[in-house]
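> got a structure for you, letters missing:
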């Protein structure tokens, strides 16, 4: 409620993180690791309805309070998303531990997308 307008970029956000101990996970047999992987993937999709509902309520509250949404033209949206797609790698590249963490998350996300 500080500004009247918000530019809707629709860039993805991470708002929930589920973590397990890697040493413990690595000690499990492959069948149990698969159960954890499959359930994690299922829950990452199951949260979508709740996340969508939260966004819809936030947008409704914003407009009810007099706020307005601005959408970028399609070419600008595409350009912004292309630029944003390399931010994680660019920001993390100067810190090896951060690079490793980013790679783990992005590789896992890619693996899960490929399996869906």
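Okay, I see it. Since the model is a prediction, treat every value here as computed from it, not as a measurement. Numbers count the residues shown, from 1 in each chain.

> show me where the protein has its strands.
5-8, 68-71 (DSSP state E).

> quick one: those as a markdown table, columns for distance to residue 51 and mean neighbour count too.
No exception for glycine: its C-beta is placed from N, CA and C like everyone else's. A markdown table is the format used below for those (distance: least, C-beta to C-beta, whole Å; neighbours: other C-beta atoms under 10 Å):
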| stretch | distance to residue 51 | mean neighbour count |
| --- | --- | --- |
| strand 5-8 | 15 | 12 |
| strand 68-71 | 18 | 10 |
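
> would a markdown table of those with mean pLDDT and distance to residue 96 be doable?
Shown next, in a markdown table, are these (pLDDT from 0 to 100; distance: least, C-beta to C-beta, whole Å):
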| stretch | mean pLDDT | distance to residue 96 |
| --- | --- | --- |
| strand 5-8 | 90 | 35 |
| strand 68-71 | 94 | 39 |
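
> next one: the closest residue to residue 112 other than its chain neighbours from residue 111, what distance?
Distances taken as C-beta to C-beta, 6 or more residues apart in numbering place residue 41 nearest to residue 112, at 5.1 Å, with adjacent residues excluded. Distance, residue 41 to residue 111, using C-beta to C-beta, to the nearest Å: 9 Å.

> give me the more crowded residue out of these two.
Shown here are residue 41 and residue 111; by other C-beta atoms under 10 Å, residue 41 has more neighbours (16 against 11).

> circling back: tabulate the strands of the chain (CSV), appending distance to residue 24.
Output for the strands of the chain, formatted as CSV (distance: least, C-beta to C-beta, whole Å):
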stretch, distance to residue 24
strand 5-8, 41
strand 68-71, 44
